[in-house]
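Enquirer: model the structure of this input:
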Amino acid sequence: MIDKRVASLAEAVADVKDGSTVLCSGFGSVGEPVELIEALHAQGARDLVIVANNAGLGDTGLARLIGSGRVRKIICSFPRTADPHCFDEAYRAGKIELELVPQGTLSERIRAGGAGITAFYTRVSAGTDIAKGKEVRLFNGEPHVLEEAIRGDFAFIRAESADRWGNLVYRRAARNFNPVMACAAEVTVAQVARIVELGSIDPDHVHTPGIFVDRVVVVPRSPRA
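Expert: Down below sits the predicted model:
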């Protein structure tokens with residue numbers, strides 16, 4: 001019987017090793033699997049490479065990982081958001097490496113990683129500092145930058161509901177980076193608000209098929225979330 005549910009957050013992140021690349025979903029705090037990231041902090045893995053839209057808010061989730069020195073490098077689009085003090089302090093002290101990627105390019109690099117596309121050309125960032133050191137070719141007379149796909153050892157994602165096979169449904173805008181990240185990692189761990197009966201999700205309403213999900217852990221959503 002296929003059952004991808006795990007009993008605890010600790011079990012869900014137990015095999016993340018030092019030096020792992022972890023894709024973390026979310027647009028700011030929306031769709032961010034905060035509890036999974038907090039469990040990773042408690043687990044103790046270090047020297048991590050994090051791929052995310054931003055570099056964390058306040059002192060929880062990604063911000064806590066960065067502030068405690070667990071992250072060697074972050075690949076993101078918005079390192080400085082509403083309250084980026086953990087990233088700011090680490091970056092100014094030379095304790096974290098930043099690879100800045102335009103948001104659309106970041107999403108496409110992750111999607112390409114899941115689709116088996118090694119690299120692609122884009123006009124975005126041509127002629128800017130972001131393109132320095134990268135291959136540039138002309139297409140239709142316009143410079144295009146070669147961007148390499150991104151894959152992770154793990155993807156931490158967040159959904160509203162799942163069945164025991166791992167089929168996922170997201171909540172409104174919380175979908176954001178979750179679907180592409182789910183497809184682009186060796187192990188995908190989904191934090192979900194609730195488990196539903198197998199067969200209760202209309203196949204047309206499945207946002208991420210269970211074939212892309214390895215583990216599901218339930219974290220009830222706060223009434224205010």
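Enquirer: and the residue sitting furthest away from the middle of the chain, how far from Arg123?
Expert: Ranked by distance from the centre of the chain (CA atoms, centre = their mean), the top residue is Gly141, with 34.8 Å. Remark: distance between Gly141 and Arg123 (CB to CB, to the nearest Å) = 11 Å. From N, CA and C alone the C-beta is placed, and that goes for glycine too.
Enquirer: same check, this time on Pro79
Expert: 23 Å.
Enquirer: who has more neighbours, these two?
Expert: It is Pro79, of Pro79 and Arg123, that has more neighbours when counted by other CB atoms under 10 Å, with 19 against 12.
Enquirer: for this protein, which segments count as strands?
Expert: Secondary structure of the chain (DSSP state E): strands located at 21-24, 48-51, 71-76, 97-100, 119-122, 136-139, 142-148, 152-162, 168-169, 185-195, 215-218.
Enquirer: touching the shortest one from outside, list them.
Expert: Translated: strand 168-169. With contact meaning CB atoms under 8 Å, 6 or more residues apart in numbering, strand 168-169 is reached by 157, 159-162, 178, 182, 190, 192, 201, 205-208, 210, 213.
Enquirer: over to the fourth one?
Expert: For strand 97-100, the surrounding residues in contact (CB under 8 Å, 6+ apart) are Arg72, Lys73, Ile74, Ile75, Cys76, Ser77, Pro79, Tyr91, Ile130.
Enquirer: from the residues you listed, list the buried ones, please.
Expert: Ile74, Ile75, Cys76, Ser77, Pro79, Tyr91, Ile130 (16 or more other CB atoms under 10 Å).
Enquirer: which parts of stretch 141-155 are buried?
Expert: His144, Val145, Glu147, Ala149, Ile150, Arg151, Gly152, Asp153, Phe154, Ala155.
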